[in-house]
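Pasted the sequence and its predicted model underneath.
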Amino acid sequence: MRYADLFGRRTSVIALGTMDFGGKIEEGKAREFMDAYVELGGNFIDTARVYGDFVREILGGSEQVIGRWLEDRRCRDSIVLGTKGAHPDFHDMHTGRLSRAEILDDMKRSLDNLRTPCVDVYWLHRDDRSRPVEDILNTLTELVEGGMARFVGVSNWQPDRIAEALDCAAKHGLVKLAANQPQFSLARQVIVEDDTLCQMDAETYALHVRENLPCVAFSSQAKGFLAKMAAGEALTDKSRRRFLCPENEAALEKVRALSAETGTSVAALSLAWLTSQPFPCFPIAGASRMEQVRAIAEAGDAALTPEQRDFLRRM
């Protein structure tokens, strides 16, 4: 597993995603996945207050599983830990939850769940464009100065709001956003049902390059689209609707060719494309089977030249 500097830590280039821990993935299996990930050299775990049991909409399940594991393994100091908060109510996704009281309450509940006094990075899970950026940054500054988060970032924010936040922090001495967490993968999602999600687009990409802003990419495997297509596996209707298009079919042929040339799997090359961007990029890789956790190690060891990266897909 390769490492790079992120949040002032020596951080594995691929994070373990935990969205279904405490839900579809029961605690015993989740612990096995985290143990295996760490044994393979991983040390970056990503979670969120809303992750866990989505069927019953029980908040905090993933964090609670991780918190118990961290405590039992006594490994908190060796893990780069991030969680997300201030997610809107699932039944009202367009009403923001970015008031000071809401952010602080989510933060404290997450810390209780994770059994730690501080996370390495705290992300705001969505934006609320009706709320001034300075107001939000004041609360985030309070989190850092209060020792609850070492760094802060945003997820699903548009590039103009990220740029505004960077400028505001510099002008007013507030905490600077340390990273952005957008949807980003080699296979581009052509249909996005949730309009509160933000993909890596050309404007956001240019912002990352200009500011050298680290990216922690979610949905980095595009639900396994390229790997499944390469293996001849059947796609779900949802996957076909979201990813099946000429652009992604062309990317598949290119990644197949590079896989044959290098001996690296399609799945690993898809993640290596992300870790080889011209700015720090750390994809989040989820898993539902142990072999998928082990495959993270191959991807974590792979690296592309700029020519190979641009051969697969230019942004």
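Perfect, I can see it now. Numbers count the residues shown, from 1 in each chain.

got a list of contacts for stretch 67-74?
Defining contact as CB atoms under 8 Å, 6 or more residues apart in numbering, one finds that stretch 67-74 is touched by 27, 30-31, 34-35, 76, 79, 81, 113-116. C-beta here means a position set from N, CA and C on the backbone, and glycine is covered the same way.

What is the longest helix along the chain packed up against?
Taking DSSP state H as the criterion, the chain has its longest helix at helix 246-262. Applying 3 or more CB pairs under 8 Å, 6 or more residues apart in numbering; DSSP states H and E, we find helix 246-262 packed against helix 225-231, helix 266-275, helix 306-312.

Specify the angle between that helix and helix 266-275 in degrees.
Inter-element angle recorded for helix 246-262 and helix 266-275: 100 degrees (by axes from the mean of the first three to the mean of the last three CA atoms, to 10 degrees).

List the buried residues in helix 246-262.
For helix 246-262, burial by neighbour count (16 or more other CB atoms under 10 Å) applies to 248, 251-252, 255, 258-259.

As JSON lines, the residues you listed with pLDDT and distance to Arg109 would be great.
Compiled in JSON lines, those are given as follows (pLDDT from 0 to 100; distance: CB to CB, whole Å):
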{"residue": "Asn248", "pLDDT": "97", "distance to Arg109": "39"}
{"residue": "Ala251", "pLDDT": "97", "distance to Arg109": "40"}
{"residue": "Leu252", "pLDDT": "97", "distance to Arg109": "42"}
{"residue": "Val255", "pLDDT": "98", "distance to Arg109": "41"}
{"residue": "Leu258", "pLDDT": "98", "distance to Arg109": "44"}
{"residue": "Ser259", "pLDDT": "97", "distance to Arg109": "43"}
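
Minimum distance to Phe90: which of the helices and strands packed on helix 246-262 has it?
Across the helices and strands packed on helix 246-262, the minimum distance to Phe90, taken as CB to CB, is reached by helix 225-231, at 25.1 Å.

Touching the next helix or strand after the closest one from outside, list them.
Using DSSP states H and E, the helix or strand that follows helix 225-231 in sequence is helix 237-243. If you take CB under 8 Å, 6+ apart as the criterion, helix 237-243 is touched by 187-192, 222-225, 228, 235.

if you set the cut-off to 6 Å instead, what comes out?
If you take CB atoms under 6 Å, 6 or more residues apart in numbering as the criterion, helix 237-243 is touched by 187, 189, 191, 222-223, 225.

what's the farthest-apart pair in the contacts of stretch 67-74?
Of all pairs drawn from the contacts of stretch 67-74, the widest gap by CB to CB lies between Asp35 and Asn113 and measures 19.7 Å.
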